[in-house]
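>>> Below is the structure, and that's it, no one-letter string:
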């Protein structure tokens with residue numbers, strides 16, 4: 001099964017050589033699960049020729065806000081809406097979670113409560129899952145068809161599921177503690193309150209359940225799709 005990774009941003013250049021870019025992080029996260037990968041740097045206006053160029057799409061994080069004015073955002077939203085209409089499965093992580101919601105009619109804002117940094121605990125339908133986070137923006141209004149799949153006290157809409165069409169997560173299952181530590185060093189100063197950064201570093205070394213999200217992503221991508229709907233939409 002071929003997964004197209006839509007890179008909505010890049011990891012900081014100073015970290016990229018040792019820890020990788022966002023696409024390579026997801027390839028590591030999903031290794032050994034029967035996927036092949038193609039990457040498209042959509043932030044740089046490199047888009048697939050068609051929504052059927054891959055069997056499914058994975059939208060990465062980004063330093064940008066979904067609500068900001070950047071050239072790549074309108075065509076990315078159009079791509080999302082077309083894939084959604086034809087039941088081509090999408091997984092969105094952080095910015096990917098937000099831009100899918102926004103493209104389908106939801107609302108994303110810079111949250112007044114501030115940042116979530118480092119290891120956070122989430123309730124996935126009764127399962128406590130610990131993941132690294134790095135965000136200030138949040139989805140605050142759900143689009144039609146979205147259901148909450150995970151939550152915590154800080155982020156009410158921490159994961160969303162849209163039937164067989166999309167599964168999105170606000171946190172970063174692809175981020176190791178080492179990468180979060182690098183972001184703290186090179187992207188956080190002057191933006192994130194120092195006390196919050198100290199809390200994030202104090203919790204590093206705890207057990208992450210990123211593999212649980214990888215399992216959920218695999219299950220979602222490999223689930224039977226509504227082929228009849230795809231055929232009807234493709235012929236329209």
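Nice, I can see it. Worth saying up front: this structure is predicted, and the values here are computed from it rather than measured.
>>> Where does residue 50 sit: helix, strand or coil?
Three-state assignment for residue 50 (DSSP: H, G, I helix; E, B strand; the rest coil): coil.
>>> Then residue 196?
Using three-state DSSP, the structure places residue 196 in helix.
>>> Same check on the one 10 residues further on?
At residue 206, secondary structure determined by three-state DSSP is coil.
>>> Would you mind confirming that it makes contact with residue 119?
Yes. Between residue 206 and residue 119 there is a contact under C-beta atoms under 8 Å: 5.5 Å. Bear in mind the C-beta positions are built from the backbone N, C-alpha and C, glycine included.
>>> can you list residues touching both of the two?
Shared contacts of residue 206 and residue 119, defined by C-beta atoms under 8 Å, 6 or more residues apart in numbering, comprise residue 130.
>>> Next one: residue 231, what pLDDT does it get?
Per-residue confidence (pLDDT) for residue 231: 38.
>>> ok, back up a step: same drill for residue 206 and residue 119, tell me which one is more crowded.
Between residue 206 and residue 119, residue 119 has the larger neighbour count (other C-beta atoms under 10 Å), namely 22 against 11.
>>> For the residue lying closest to that one once chain neighbours are set aside, give its distance to residue 42.
Distances taken as C-beta to C-beta, 6 or more residues apart in numbering place residue 203 nearest to residue 119, at 4.6 Å, with adjacent residues excluded. Computed as C-beta to C-beta, to the nearest Å, the residue 203 to residue 42 distance reads 32 Å.
>>> quick one: which of those two has more around it?
residue 42 (23 against 16).
>>> For the residue most central in space within the chain, name its beta-bridge partners.
Centroid-nearest residue in the chain: residue 93, 0.6 Å away (criterion: C-alpha atoms, centre = their mean). Judged by DSSP bridges, the bridge partners of residue 93 are residue 169.
>>> Show the contacting residues for it.
26, 58-61, 168-169, 171-174.
>>> what's the answer for residue 210, then?
Residue 210 sits in contact with 29, 131-132, 173-174, where contact means C-beta under 8 Å, 6+ apart.
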